[in-house]
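K.L.:
All I have is the shape, not the residue letters:
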C-alpha cells in the first residue's frame, strides 16, 4: 500500500500547488464569459473528455446551455459561443483541429492546458493554465500518467462552477431541480 499512499499524497500536494499557481484573472475572465449566458461547448480527448463531460453537465445544472462536442444532440456553434477545450499538452490533434474549426465559425476559444505556449494555447482567445503532468511526461510520478493534470482540471472546473453559482445566484436546490430524475 506504500505506492497507493504516495500517489494520494502526491495528488493532494499537486492540488495545493495548483491553488497557489492558478491565474485568478484568467479564471475571472472565464467566469465572466460564461455568466454572460452564451452557449458553452466543451471538448477533450480521452480522460480530458471525461473531465469535459463533467464540466458540461455541471454547467447544465447551473442553467447554462452547454454541450459536449461529439454527442449526437449538439447543435451548430454560432459566433460568440464559447468553446472550452481541454488538452494537457495542447498538441492533441482532435482538440486542436476542433478549436481551429470553432474559431472559423466565430467561437470564442478557451484552452484549459498545462502548456499555454502550445498550438492550442496560440489558437485560444483565453488560456486557463492548469499545471500537471501530461502525456508529455514532464516528470516521474506515482500518480499514473496524466492523473495529476486530469484531477487538477476537474477540481479547477468544479471550482469555477462554484464561483458561477455565486455570480448567478444558483442554489443547490436549483441544481437538484435540473438534476436527472429518471436514472
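P.N.:
Done, it's in. The structure displayed is predicted, hence computed values, not measured ones.
K.L.:
Do I have it right that residue 39 meets residue 65?
P.N.:
Yes: using C-beta atoms under 8 Å, residue 39 makes contact with residue 65 at a distance of 4.6 Å. Every C-beta, even on glycine, is put in place using the N, C-alpha and C of the backbone.
K.L.:
Give the residue from the two that has the larger number of neighbours.
P.N.:
A count of neighbours by other C-beta atoms under 10 Å puts residue 39 above the other of residue 39 and residue 65, at 18 against 13.
K.L.:
now stretch 21-40: mean pLDDT?
P.N.:
Averaged over stretch 21-40, pLDDT sits at 95.
K.L.:
what's the first-to-last distance across that stretch?
P.N.:
25 Å (C-alpha to C-alpha, to the nearest Å).
K.L.:
which residues are in contact with the lengthiest helix in the chain?
P.N.:
Counting residues, the longest helix found in the chain (DSSP state H) is helix 147-168. The contact list for helix 147-168 (C-beta atoms under 8 Å, 6 or more residues apart in numbering) reads 7, 10-11, 14-15, 18, 22, 27, 30-31, 34-35, 47-48, 50-51, 54-55, 58-59, 61-64, 86, 88, 112, 114, 128, 130-134, 141, 143, 170-171.
K.L.:
buried residues in it?
P.N.:
For helix 147-168, burial by neighbour count (16 or more other C-beta atoms under 10 Å) applies to 147-157, 160-161, 164-165, 168.
K.L.:
any idea which of these is the one closest to residue 108?
P.N.:
residue 160 (15.5 Å; C-beta to C-beta).
K.L.:
measure the closest one to residue 33 for me?
P.N.:
Separation of residue 160 from residue 33 (C-beta to C-beta, to the nearest Å): 11 Å.
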